[in-house]
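**Student:** The following block contains a protein sequence and its predicted model.
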Amino acid sequence: MNTGNSRKRSAAATPSPQQQQKHHAVMEEEDLDEDVFLEETLLQYEEDSQVLRELEESNAIKERLQKWKRPSLSQAYIAQTQSISFQQLEIDYIIAASHKELLPNSSGQAAILRIFGVTKEGNSVCCHVHGFEPYFYISCPPGMGPDDISRFHQILEGRMREANRNSNAPKFVRRIEVVQKRSIMYYQQQASQSFLKIVVALPTMVTSCRGILDRGIQIDGLGMKSFLTYESNVLFALRFMIDCNIVGGNWIEVPVGKYKKAARNLSYCQLEFDCLYSDLISHSPEGEYSKMAPFRILSFDIECAGRKGHFPEPTQDPVIQVANLVTLQGQDQPLIRNVMTLKSCSPIVGVDIMSFDTEKEVLRAWRDLIREVDPDIIIGYNICNFDLPYLIRRAEVLGMAEFPMLGRIRNSRVRVKDATFSSRQHGTRESKEITIEGRVQFDLFQAVQRDYKLSSYSLNSVSAHFLNEQKEDVHHSIISDLQNGNAETRRRLAVYCLKDAYLPQRLLDKLMFIYNYVEMARVTGVPISFLLSRGQSIKVLSQLLRKAKQKDLVIPNAKQAGSEQGTFEGATVLEARAGFYEKPIATLDFASLYPSIMMAYNLCYCTLVTPEEVRKLNLPPECVNKTPSGETFVKSTLQKGILPEILEELLTARKRAKADLKEATDPRVKAVLDGRQLALKISANSVYGFTGATVGQLPCLEISSSVTSYGRQMIEHTKKLVEDKFTVLGGYEHNAEVIYGDTDSVMVQFGVPTVEEAMKLGREAADYISGTFIKPIKLEFEKIYYPYLLISKKRYAGLLWTNPDKHDKMDAKGIETVRRDNCLLVKNLVTECLYKILVDRDVPGAVQYVKNTISDLLLNRMDLSLLVITKGLTKTGDDYEVKTAHVELAERMRKVG
DNA sequence: TGCCTGGCCTAT
DNA sequence: TGAGATAGGCCAGGCA
């Protein structure tokens, strides 16, 4: 890599001194934030950094600061003659006094939303949004008139005051409106009914108010009455996004005249202003607005001088180096390469080295870098659970109160919270939650762990896997020695540290995380930060709330809405006729099985009919479907389900994205589109899981058990149809046999000897059977396995063919070769066996191979202990058990063969 | 030795 | 207040 070259390029990207000068003149005239910003920054240095003040004189520092800074604001922004468009990355809110000018009739404290983002020129934005109020719904008791509502309001206000005695809020319940809505639960004949929209002063009051209504309140004439609340568990920032049609990572525009420049800057952002929520224009992410702003991405890594044999602890072990890499989104070379070292460090070509005498200065310099560079996204490897908490704790230990001001809000500290994330999918994980206001944290460790199944998640092995690149070879144990050496040894450490900052950036690019995550945020509507910190269900809920809002439906907050807790029956796995098949096996698959079932049978919360209602309403049989699990849903002629509608939109959008992807030539556009089609597919598949999540937001087991019951029926139907139609009696050469099938697939032996013939029959069968199902359920011919080794349910291997000329690859499912709980020896042994069986077609040879390998190992125990790290060996200390397991495996293969 | 249970990991 | 689902194979370890 030519670092000299990239340095020149990055220098050209920042404005020339002359340009700066020009802006400066204008700015002085207008007394603008740029200038104030600079002044305040310098003041800050005087306050808390003596060393920097001394160096302030030096040109090197000025140059460095110049390079770190964002591009200056253009004239039009400064003069406020242009609307402000920016890509939003983060939205949060604060509690503060209402804006007098924008909301003259309001008083007291209010929630003010803050949207952080970047303009297409690369200027940072902090937009304070006023006037959006927290609210939720309850259904309106019948016969409630305006007087009753006003009385109800008074009672509720009183109860709220009682429950929040420490609060000095002038008012809790701002107002109660009657609105026409309908619950999303169950099919209902009347178009809508009255609901009360309860608007409260602050977001936290929603929870408190819900509690009161849950427990019940005394109402004249009605007695003690408890209320089911609706949409009372929607996080305030998400509520705002939904109501304003804002999706994660989209572009927002505030027209000229609609924004007021803040009198005092609360943030370090270049453009900071106030506006009303009703004046925001949210652009859907299409065309120009599907592009990405040039975010600033900081990748960093720290090194600590741990004591020998101990993992570094912030209470004792100092931070000795911090490496930083700053890259603009969309560029392939970093803008800044920097290392901060404790004690001197020899130069590294193309790297800005800052050396300090004390650890405090190192930490302070890093804080200053964050402030000056102003990154939108902070990345690294395991930064959320190691580097960031370590830095913060370490600064605490050193008594540096000024350190943890890393966010975009002036004088505001980062917040650290212990959090646990537990799901059946990922298990229970302890983690630290660190809030850095206005900046997105993206931990590559978390992202890779979520999105990829690997045997090891160390930075080294992940880099080797995806990048074919390894870490610099420096062992932990010698870090302290390198630090205590000289400028040369510390240079070696710095190179290591830099590489650890460089690899996460490479992974981010290679795996296209920015594109994929921004697209996921856009498709599902949640903020980007939710994608790493929250589960799958918030994404479905966000889509559901958006769709429900369009249709004037409201979502109840009840945990077991409409379904008794419990478990439900899943999919059918057809009996596996274990064996070694030397004739081609055709695989027929249902495309997106569960989504298409939900669409075909209109399964939704709002189409479900309770057994009592079925009797009461006396619905004509042609208007309803009774599912194989015994539930009733109305057909779309009476009421179209919103889950099916969401799914249709997701799947048609995916088709379009895939079509556009074919047309696209620009690699960036391609990346966006590929990220989008992936996000759309994942989203469609998680809707079913959402309805079956008994500990989720809106479980509905009637839906999920109906989905699986249709699935079971379909796979049995498919098996029967294939075996009935493709027979000698039916005019075919052989009788077809379904030898296996799982959930949405059947494996068929048509009896023909060639791949080509099997493909032809596979296609014919898929078309024929598809014709017997309701749209959009479709059975597709997918691939041929030839030969095919079926060991048992969920365990098989075969050579996979998608065209008749040559096989694509060897494919193995569920076998030791794909499992991560076996030692490498077992894995390699079995892979070799499969190769011999499937490619060489030599089953006795495979068995002999296993026996030979094992007896070799028996002869050489040394090799064994080096190679085998098995559960059997480590747990029992008896390696013989492990070997019997291998022999058994070989025996089984022999039997099967 | 066979039978059962819990833990782990995978298939879909 | 935060968490997609079930089916199923195989092993370790306890017990008789």
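**Tutor:** It's in.
**Student:** And the pLDDT for the residue of the stretch 601-750 of chain A found nearest DNA strand C?
**Tutor:** At 2.2 Å from DNA strand C, A:Gly689 is the closest residue in the stretch 601-750 of chain A, using C-beta to the nearest atom of the strand. Yep, even glycine has a C-beta here, placed from its N, CA and C like the rest. Per-residue pLDDT puts A:Gly689 at 96.
**Student:** Who are the contact partners of the residue nearest to it when sequence neighbours are not counted?
**Tutor:** Leaving aside its sequence neighbours, A:Gly689 sits nearest to A:Gln536 (C-beta to C-beta, 6 or more residues apart in numbering; 6.6 Å). A:Gln536 makes contacts with A:Gln425, A:Ser686, A:Gly689, A:Phe690, as judged by C-beta atoms under 8 Å, 6 or more residues apart in numbering.
**Student:** measure the last one to A:Ala494 for me?
**Tutor:** This means A:Phe690. 48 Å (C-beta to C-beta, to the nearest Å).
**Student:** Who has more neighbours out of those two?
**Tutor:** A:Ala494 (28 against 23; other C-beta atoms under 10 Å).
**Student:** residues from the stretch 401-550 of chain A in reach of DNA strand B?
**Tutor:** By C-beta under 7 Å from any atom of the strand, the residues of the stretch 401-550 of chain A that approach DNA strand B are A:Lys453.
**Student:** The residue in the stretch 401-550 of chain A positioned nearest to DNA strand B - how many residues pack around it?
**Tutor:** With C-beta to the nearest atom of the strand as the measure, A:Lys453 is the residue of the stretch 401-550 of chain A nearest to DNA strand B, at 5.6 Å. Neighbours of A:Lys453 under the rule other C-beta under 10 Å: 7.
**Student:** Looks like it contacts A:His465 (just checking).
**Tutor:** No: applying C-beta atoms under 8 Å as the test, A:Lys453 and A:His465 come out as separate, 11.2 Å apart.
**Student:** picking up where we left off before, state the pLDDT value of the residue of the stretch 401-550 of chain A closest to DNA strand B.
**Tutor:** At A:Lys453, pLDDT is 89.
**Student:** what's the closest non-adjacent residue to it?
**Tutor:** A:Arg820 (7.4 Å).
**Student:** so how far is A:Val523 from the one you found?
**Tutor:** Taking C-beta to C-beta, one finds A:Arg820 at 30 Å from A:Val523.
**Student:** Which of these two has more residues huddled nearby?
**Tutor:** Neighbours around A:Arg820 and A:Val523, counted as other C-beta under 10 Å, are more numerous at A:Val523. The numbers are 29 against 9.
**Student:** Pipe the contacts of A:Gln536 into JSON lines and attach secondary structure and distance to A:Thr718 per row.
**Tutor:** Formatted as JSON lines, those follow (DSSP: H, G, I helix; E, B strand; the rest coil; distance: C-beta to C-beta, whole Å):
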{"residue": "A:Gln425", "secondary structure": "coil", "distance to A:Thr718": "29"}
{"residue": "A:Ser686", "secondary structure": "helix", "distance to A:Thr718": "25"}
{"residue": "A:Gly689", "secondary structure": "helix", "distance to A:Thr718": "23"}
{"residue": "A:Phe690", "secondary structure": "helix", "distance to A:Thr718": "27"}
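**Student:** can you pick the most crowded of those?
**Tutor:** Within the contacts of A:Gln536, most neighbours by other C-beta under 10 Å means A:Phe690, with 23 neighbours.
**Student:** if I read this right, it contacts A:Gln543, doesn't it?
**Tutor:** No: between A:Phe690 and A:Gln543 there is no contact under C-beta under 8 Å: 9.5 Å.
**Student:** Would you mind listing the residues in contact with the residue nearest the centre of chain A?
**Tutor:** For chain A, A:Leu531 is the residue whose C-alpha lies nearest the centre (C-alpha atoms, centre = their mean; 2.6 Å). Shown in contact with A:Leu531 (C-beta under 8 Å, 6+ apart): A:Gly248, A:Tyr517, A:Met520, A:Ala521, A:Lys539.
**Student:** 6 Å - rerun?
**Tutor:** Contact analysis of A:Leu531 by C-beta atoms under 6 Å, 6 or more residues apart in numbering lists A:Tyr517, A:Met520.
**Student:** For it, grab phi and psi.
**Tutor:** Per-residue torsions, A:Leu531: phi -70, psi -30 (degrees, to the nearest 10).
**Student:** cool, and the one 3 residues further on?
**Tutor:** Recorded main-chain torsions at A:Arg534 are phi -120, psi 180, according to degrees, to the nearest 10.
**Student:** So for it, what pLDDT did the model give?
**Tutor:** 93.
**Student:** With A:Gln190 instead?
**Tutor:** 88.
**Student:** How about A:Ile791?
**Tutor:** Per-residue pLDDT puts A:Ile791 at 89.
**Student:** Helix or strand: which one has it?
**Tutor:** In the assignment (DSSP states H and E), A:Ile791 maps to strand A:779-792.
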